[in-house]
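Student: for reference, the sequence and a predicted model appear below.
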Amino acid sequence: MSTTPILSVSHLSCQFKSQGGLFQPTRLLRAVDDISFTLEEGRVLGIVGESGCGKTTLARMILGLQKPSSGEVFVQGAPLSSLDRRARARLIQPVFQDPFSSLNPKQTIKDIISLPLRAQGTFEPHEIERRTAALLERVGLSLEQGLRVPSELSGGQRQRVAIARALILEPRIVICDEPTSALDVSVQAQILNLLDELRRDLKLTYVFISHNLAVVEHVASEVMVMYLGRMVERNQTADLFKTPRHPYTQALLASVLTPEPGLGLPDVGLGDIMPDPAHLPTGCRFHPRCLKALPQCATQEPPLRKPTDHAVLECHLT
Amino acid sequence: MPRLTQASFVIGLGIVGVVLIAALFGPWLSGHDAFAQDLNARLIPPVWMEGGSTKHLLGTDQLGRDYLTRLLYGARISLFIGVLTVITSGVIGTSLGVLGGFYGGRIDDAVLFLITCRLSIPVVLVALAVVGLIGSSLTLVVATLGLLLWDRFAVVARATTMQIRSLDYVNAAWCSGSSPLAIMRDEILPNIASHLMVVCTLEIALAILLEASLSFLGLGVPPPLPSWGLMIAEGKDYMFFSAWVIMIPGLALFTLVLGINLVGDGLRRAFGTQVIK
Amino acid sequence: MSAILEVEGLAVRFGPTQAVRHAHFTVHQGETHCIVGESGCGKSVTSLAIMNLLARNGHRHAQKIIFAGEDIQAYSDRQMEEIRGNRMAMIFQEPMTSLNPSYTIGSQLTEVLRRHRNVSQAEAEARAMALMARVGITAPAMRLRQYPHQLSGGLRQRVMIAMALMCEPELLIADEPTTALDVTVQAQILRLLAELKQELGLGILLITHDLGIVARVADHVSVMYAGEVIESGRTADLFARPAHPYTRGLIDCVPVPGKIKAGEPLGSIPGTVPVMKEGFQGCAFRFRCASATDACTQDVPRHEIGAQHHVLCHHPVTDKGSRA
Amino acid sequence: MITFILRRTCLALVVVLTVMTLAFVLTRLSGDLAISIAGPGSTQADVEVIRKAYGLDRPVLVQFYDWTRLALTGDFGSSFFFKDKVATLIAQRMPVTLSLGFVGLALALSISLPLGILAALYENTWIDRTATMLAMIGQAMPSFWLGLLLMIVFGLQLGWLPISGTGSWEHYVMPGIVLAFTAIPALTRLMRSGMIDALSSDYIRTARAKGLSRSSIIFKHALRNAAIPVVSIAAVQLGFMLGGSIVIETVFALHGVGYLAWESISKNDFPVVQAVVLVLASLYIGLTLVSDILNALLDPRLRGA
């Protein structure tokens, strides 16, 4: 077991200028606010939260697609900002949500998959050819399909292409941003199984972002819950699903609709006020929707606590 | 695709093809010199009109020059100016638009500012002024129009680049370690090319019309070069008696521009793109 | 309970593509009927076909579409306008784009009532406010003057529901009403729909791709595949004894917390949904089906395998309760 | 609202300043202005006199500073050809150009809007194809040629309208038609595509699901959204039309600002050329500002809470 975690994120924040209407002054939108975590090699960190919680911005910062306003991402102990783009590409690769917009429609599948190799500029053409062919087969596509263009493939097949592209440089970390949300449920299962197989075989580390808690429960070894830019709770997957501590985590878990007839619809136990990243509430950001809120929740920011070795919680309630 | 669109596209392509061939080979085949004057044979009407002769199929102009030959020669000038202008303006506009759309921020502000300034300048007036003050020549007309007509390229390239820049395949290229230049070349340009091709056709048509306008006002292609606009201007004094002197070059101009626009429209439908106005 | 909507042999064609082929189902008063299926299976087209809202290139044909005792197939456009929004209302997937950005919430709500009932603007506004309060919109008087862009997605979907209820319809068609919403909001909206069904005796036709939603809200389910209803039954029966290999595969694909140990693969169906062209014969699922035989290239019979439980398959699964 | 207008106005001023610089540079392109003004066959002494008289002997930057400073107060210097203040000349001619612009715009809107709406309502039918074809023909028509054709037909053969000049309202009819022709294709396409987008939108499906009548769907729900960009573009289009009026005014000898510009270019009368470029550009910039504000006022999403 190595002592340096493979991925570590330290006090990462990202702010945007929000553009309201033409006549509204620009506001500062804190998409991600002071997030820190570490991840050991071979683990899968699931990140869950509703739209606008900052999970995609966090992923973009880890990928180097978005400059953090403050804080730093470390990969194998080295700050991400110190790596050049080729070195970064050898360590971290993405798989995005929409298999229709993540592949260049004007290139063949082989060209798409081999792009990271070609961008390195150090590989011989026959080496590129060999590795592309090997990977095509590994993700379950035929060599003949490698000569096609993306519009000739189905959504599931395209997502396999995206996975192949992410793996061709043999990276250490793969950031999966909602990789199955755009797919049908029968195809989703194929892709989830493929991702899991590849992780074991290639000793990969995943950051797996999803709004679907059931999927996260299936793939992740630990889970982080985000709300309006903050990490409100983090724990080992089994523990988090067994004993959710934050009221928001509890609400999220309650709203999972499993295909079990007769259970009826859950009472999620949330107020009606919807989160707005451009107007952050004072105190705990969740308090306007929290039915258990205490008076101090509206005024004081909740402290960061560690109820167990693995659990991290940001809440005034016990 | 609707059938008529196909038909109109083919018609447009046919018109452009015929004009192209006529422009390339016509002046040699017509059997006359476009510049040879014959003051004894002035303003002979076309062959189908009373007084026409088979020697001059489209008649002669006020200096007795063969009208068909001048018309064919004029096609050469129109196409030459249209294509060269669009190459110039296309390079300027596309570079600016792609840079602005790709980098955003300050660079985009600067590009947007340039576009705004360019749009606020009245094209015909400034082109006339430049040619009027410096003196007319073919090169100057191309250079002036090229420097003035890049706005639509820039606007379209910028808007489409912005759309594509945020797509995940561009993000994936970043994550693959591609350089900004490689991303613009391999990921963005091939995907905005269809939009730019449509703009190309529109702008060639526009450049041809503008050249004709400048020449018509006497500040475009210098005589005795036979530009269609100049031919109309020269014929203007005789149009009330022999309307054909302005009808023939005018129809040629109209047909060529219509043909190019039909091609552009066909391309737009084929690519399924709505060119941003 | 009487049937409010009875559909038999519905087919929809877009050019040579058969989007829907002999679909059949019945929606009763006070009952939620779910149509479930993957993208491209024809479920949304089915709902639009009932409302006669298909795009111009869509062609509808059916043995019968009986709404409240009358076959509405022969209705003129004018007659359909009379019942749409009035006796049969619809809500859509995208609350962000389904409201007109240029008009206030109030004007869009009152418009539908004033179209179908002879009421004053003030009366219509009073009804709008009462309904907004009922669907859980706070400060309805203020919301009435707001524009759609000023509301969150959940609120807009509540506005859509209020709009659908303005004329007290007998049938509500909801096409993926919660797909664009966050999970916590999804549960709230679905609860609201369930309450309204109880209170108003509505028949609800709910279109969804989410088996979780189906299990929790449906009284009756129709599973669609490649334009056909391949299995239908009461929700409890269908989930307990899925008879079609596709239904069974679909249920196994859904990850359920605690169902599968970490490291074990999820059940999955190989391949993808085919596009149906005219003149297609036999079972459309046979290309992905493990138990397919030569017989599956022939027209498929409809078996009744239990009370109100039908399946369209040559080899229905019969081993009882052996799921997963 | 105020901040928005202020910000846009500031930007517009910067654009005006840039255009001023351009207009100034433009007239210096020919090299020695004094020689151009003096014309061929003039002596060295003539040229020196002219150089002094127009202040062309001073450093270029000083000339630029003086011109800018005075131009911002509305003083564009004197025309050496017309022997009059440039500002006075432009003020005399402007009403002609503006009238022509408004006639052209009104004609263009009244033809292109119904045409675009019809084309959208009957998308892919012969009506649509005819409208598209008409737009295409309009786009291909050289405006000066169309002007000449109208002159032959209505002026000479039918004798309904005066062939050229500025006197009465009849003088504006043919130029107005020609000017409208330059704007009709773009406006028709915009109206058509805006209407098609609106008609295929989700909110129109909602309106249909509500059982609204066809006329209410088209005129209340679709047209409102489709018309917003067209209305705001109309202001910009007017700017383009004023800029393009030079050709038409010249063809019809309509003594507007465009005709003035053409005369001064032929006579190397650079103070007038500079001023006309600047005035037309400023008009355009002002009209885009109006367009932005109109757009924001009409669209509740831009109007803000």
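Tutor: Yes, it's here. Numbers count the residues shown, from 1 in each chain, chains lettered A, B, ... in the order given.
Student: lowest-pLDDT helix or strand in chain B?
Tutor: Ranked by mean pLDDT, DSSP states H and E, the weakest helix or strand in chain B is helix B:3-29, scoring a mean of 81.
Student: got the residues of the stretch 1-150 of chain B near chain D?
Tutor: Contacts of the stretch 1-150 of chain B with chain D, taken as C-beta under 8 Å from any C-beta of the partner chain, map to B:2, B:4, B:8, B:113, B:116-117, B:119-126, B:128-130, B:132-135. Using the backbone N, CA and C atoms, a C-beta is placed for each residue, glycine as well.
Student: inside helices: which ones of the residues you listed?
Tutor: Among those, the members falling in helices (DSSP state H) are B:4, B:8, B:113, B:116-117, B:119-120, B:123-126, B:128-130, B:132-134.
Student: what about the residue lying closest to C:V275 once chain neighbours are set aside, neighbour count?
Tutor: Counting by C-beta to C-beta, 6 or more residues apart in numbering or on different chains, C:T17 is the residue found nearest to C:V275 once chain neighbours are left out, at 6.3 Å. Residues near C:T17, counting by other C-beta atoms under 10 Å in any protein chain shown, number 15.
Student: C:T17 and C:P274: what is the separation?
Tutor: Going from C:T17 to C:P274 by C-beta to C-beta, to the nearest Å gives 11 Å.
Student: which of the helices or strands spans residue 249?
Tutor: This is for chain A. Taking DSSP states H and E as the criterion, A:T249 maps to helix A:247-254.
Student: meant chain C, my bad for not saying
Tutor: Following DSSP H and E, one finds C:G249 within helix C:245-253.
Student: that helix close to chain A?
Tutor: Yes. Shown here: helix C:245-253 in contact with chain A (C-beta under 8 Å from any C-beta) through C:G249, C:L250, C:I251, C:D252, C:C253.
Student: ok, and what's touching that helix?
Tutor: With C-beta atoms under 8 Å, 6 or more residues apart in numbering or on different chains as the test, helix C:245-253 has contacts from A:185-186, A:188-189, A:259, C:38, C:211, C:223, C:225, C:230-231, C:238-239, C:242, C:266-269, C:285, C:288-291, C:313, C:315, C:317, C:323-324.
Student: after it, which helix or strand is next?
Tutor: Sequence order places strand C:302-306 as the next helix or strand after helix C:245-253, per DSSP H and E.
Student: what's the first-to-last distance across stretch B:217-228?
Tutor: With C-alpha to C-alpha, to the nearest Å applied, stretch B:217-228 spans 12 Å between its terminal residues.
Student: list the buried ones in that stretch?
Tutor: Buried residues in stretch B:217-228, counted by 16 or more other C-beta atoms under 10 Å in any protein chain shown: B:L217, B:G218, B:L219, B:G220, B:V221, B:P222, B:L225, B:P226, B:S227, B:W228.
Student: mind checking how far the residue in chain D positioned nearest to chain B is from B:M184?
Tutor: With C-beta to the nearest C-beta as the measure, D:G243 is the residue of chain D nearest to chain B, at 3.1 Å. Here D:G243 is placed at a distance of 33 Å from B:M184 (C-beta to C-beta).
Student: what do you get for A:Q120?
Tutor: As defined by C-beta to C-beta, A:Q120 lies at a distance of 19 Å from B:M184.
Student: and these two? Which one has more around it.
Tutor: Taking neighbours as other C-beta under 10 Å, A:Q120 and B:M184 compare with B:M184 leading, 21 against 16.
Student: and the closest residue to chain B within the stretch 1-150 of chain C, how many neighbours?
Tutor: Nearest residue of the stretch 1-150 of chain C to chain B: C:N57, at 12.2 Å (C-beta to the nearest C-beta). Residues near C:N57, counting by other C-beta under 10 Å, number 10.
Student: nearest spatial neighbour of residue 62, skipping sequence neighbours?
Tutor: No chain was given, so I picked chain A. In space, and not counting its chain neighbours, A:I62 is closest to A:V73: 5.4 Å by C-beta to C-beta, 6+ apart.
Student: actually chain C
Tutor: C:L10 (4.3 Å).
Student: OK, contacts around that neighbour?
Tutor: Contacts for C:L10 (C-beta under 8 Å, 6+ apart) come out as C:V20, C:H22, C:A23, C:H24, C:T46, C:A49, C:I50, C:R60, C:H61, C:A62, C:Q63, C:I65.
Student: would you list the phi and psi of it?
Tutor: C:L10 adopts backbone torsions of phi -80, psi 130, taken as degrees, to the nearest 10.
Student: from what I see, the residue of the stretch 1-150 of chain C closest to chain B and C:G15 are in contact.
Tutor: Yes. If you go by C-beta atoms under 8 Å, C:N57 and C:G15 touch, sitting 6.4 Å apart.
Student: residues contacting the residue nearest to A:I62?
Tutor: Taking C-beta under 8 Å, 6+ apart as the test, what A:V73 contacts is A:L7, A:S8, A:V9, A:S10, A:L12, A:M61, A:I62, A:G64, A:P79, A:L80, A:S81.
Student: give the PyMOL command for selecting the buried subset of those.
Tutor: Buried members of the contacts of A:V73 can be picked out in PyMOL with the line below, counting by 16+ other C-beta under 10 Å:
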select buried, chain A and resi 7+8+9+10+12+61+62+64+80
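Student: what are the boundaries of the strands in the chain?
Tutor: The chain I'm using is chain A. Assigned strands in chain A, in chain order: A:7-18, A:27-39, A:44-48, A:70-75, A:78-79, A:92-95, A:173-177, A:205-209, A:222-227, A:230-236, A:304-305, A:312-314 (criterion: DSSP state E).
Student: wrong one, I was asking about chain C
Tutor: C:3-14, C:17-28, C:32-36, C:58-61, C:64-67, C:70-71, C:88-91, C:171-175, C:203-208, C:220-225, C:228-234, C:302-306, C:309-312.
Student: so C:P242 versus chain B, what's the distance?
Tutor: Using C-beta to the nearest C-beta, to the nearest Å, C:P242 is found at 36 Å from chain B.
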